[in-house]
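Peer 1: A predicted structure for the sequence below; I have some questions about it.
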Amino acid sequence: MKRLSALMVALFLGGACAHTPPKSDMEALRPVVEGFHKNLRWRNYRAVSTFLVPEERQDFDRKRRELHDDRDLTVTDFEIEDVKLAEDGRHATVHSRIQWMRLPSVTEQTDTVTSEFVFRDGAWLLEKQLSGPFAGELEPREKPSP
């Protein structure tokens, strides 16, 4: 009888875990933020694109091709300075310092970049980014007026 009770408890707890929604906390956010920056540093723009909200991916990929970023954009260093999770647990703001240059310029730029991540469909995705090598690209689109 004890074995049956233990088995029932294990099955119940295991079933409960299977239906627990994915975490939208710092534990899940940190590897996404680090992965985005590392792939950016190594010019892996296809991987960088997967960190973006789906509606931005096609334009992002097109812009990388147009600007020849695989050849002309170099991120020489980055440092994640601050990560703040919003009270709702579904939005986060990340401040990072990115050093970069885009040919034909040979001047290295250092920007403090603000990135806004959103927890959507069980994953953290980059929704908006101000400053840095993608300035003006990753900004929310204006919604049409009714």
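Peer 2: In hand now; what should we look at?
Peer 1: for this structure, give me the ranges with low pLDDT.
Peer 2: 1-24, 140-146 (pLDDT under 70).
Peer 1: now the residue positioned nearest the centre of it: how far from residue 71?
Peer 2: Most central in the chain under C-alpha atoms, centre = their mean is residue 126, positioned 3.9 Å from the mean C-alpha point. In this view, residue 126 and residue 71 are 23 Å apart by C-beta to C-beta, to the nearest Å. C-betas here are computed from N, CA, C, even on glycine.
Peer 1: for burial, what's the neighbour tally of residue 101?
Peer 2: 16 (other C-beta atoms under 10 Å).
Peer 1: now it, nearest residue through space, not along the chain?
Peer 2: Closest residue in space to residue 101, ignoring its immediate chain neighbours: residue 108 at 4.8 Å, by C-beta to C-beta, 6 or more residues apart in numbering.
Peer 1: now do residue 83
Peer 2: Nearest to residue 83 is residue 94, by C-beta to C-beta, 6+ apart, at 5.1 Å.
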